[in-house]
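Colleague: Here is a sequence together with a model predicted from it:
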Amino acid sequence: MSPREGSPRPKFGRIDPFCLLAVLPVLLVAGILGALVHIALGIGFAVFAGLILLFDSWVNRPRPVPEADRPARQAPPPPPPPRGPARAPGRAPARAPRPQDGRGPARAPVRRAGPPPAGR
């Protein structure tokens with residue numbers, strides 16, 4: 001597959017903030033040279049600073065995602081089951097209710113954590 005096929009790549013991207021560490025001093029020199037020496041020299045330095053920004057933006061353009069790395073489209077999730085009287089009964093309750101006559105199964109008392117018994 002040719003690199004020209006597929007999705008087009010943008011021509012320019014975001015400017016790196018650290019690029020300004022190179023551009024701002026060049027613009028300062030351009031202003032000083034334009035004001036004190038010769039206006040054409042100052043304009044030349046300002047164009048050079050603009051070219052630095054243009055190159056940085058071109059280098060930082062986003063790369064296209066290769067076809068193999070693109071996530072495949074997943075099927076949409078199934079719709080939720082309908083609510084209402086047509087719904088199947090759920091699980092049985094975790095604990096069955098005790099009979100009212102008091103003849104349920106005998107249980108041992110539950111020991112809960114607490115302070116240790118008094119020492120000797």
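Modeller: Happy to help now that I have it. Residues are numbered from 1 along each chain as shown.
Colleague: Show me what the helix or strand hosting Leu27 is packed up against.
Modeller: Applying DSSP states H and E as the criterion places Leu27 in helix 20-36. Identification of packing neighbours for helix 20-36 by 3 or more CB pairs under 8 Å, 6 or more residues apart in numbering; DSSP states H and E yields helix 39-59. C-beta here means a position set from N, CA and C on the backbone, and glycine is covered the same way.
Colleague: mind listing what's buried in the helix holding Leu27?
Modeller: Of the residues in helix 20-36, those scored as buried under the neighbour-count criterion (16 or more other CB atoms under 10 Å) are 23, 26-27, 29-30, 33-34.
Colleague: how about Ala49, what does it touch?
Modeller: Residues near Ala49 by CB atoms under 8 Å, 6 or more residues apart in numbering: 23, 26-27, 30.
Colleague: So which of those residues is the closest to Pro117?
Modeller: The shortest separation between Pro117 and any of the contacts of Ala49 is 78.8 Å, and it belongs to Val23 (by CB to CB).
Colleague: Quick check: the closest residue in space to that closest one that isn't next to it in sequence vs His38, distance?
Modeller: Setting aside the residues directly before and after it, Val23 is nearest to Ala49 in space (CB to CB, 6 or more residues apart in numbering), at 4.8 Å. For Ala49, the distance to His38 equals 17 Å [CB to CB, to the nearest Å].
Colleague: Ser57 - how many residues pack around it?
Modeller: Burial of Ser57, expressed as a neighbour count using other CB atoms under 10 Å, amounts to 17.
Colleague: Need the pLDDT of it.
Modeller: Taken from the predicted model, the pLDDT recorded for Ser57 is 92.
Colleague: That one reaches Val23, doesn't it?
Modeller: No: shown here, Ser57 and Val23 do not form a contact pair, counting by CB atoms under 8 Å, at 11.4 Å.
Colleague: ok, back up a step: make TSV out of the buried residues of helix 20-36 and add pLDDT and distance to Arg112.
Modeller: Converted to TSV, the buried residues of helix 20-36 look like this (pLDDT from 0 to 100; distance: CB to CB, whole Å):
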residue	pLDDT	distance to Arg112
Val23	95	72
Val26	95	77
Leu27	96	76
Val29	95	80
Ala30	96	81
Leu33	94	86
Gly34	94	86
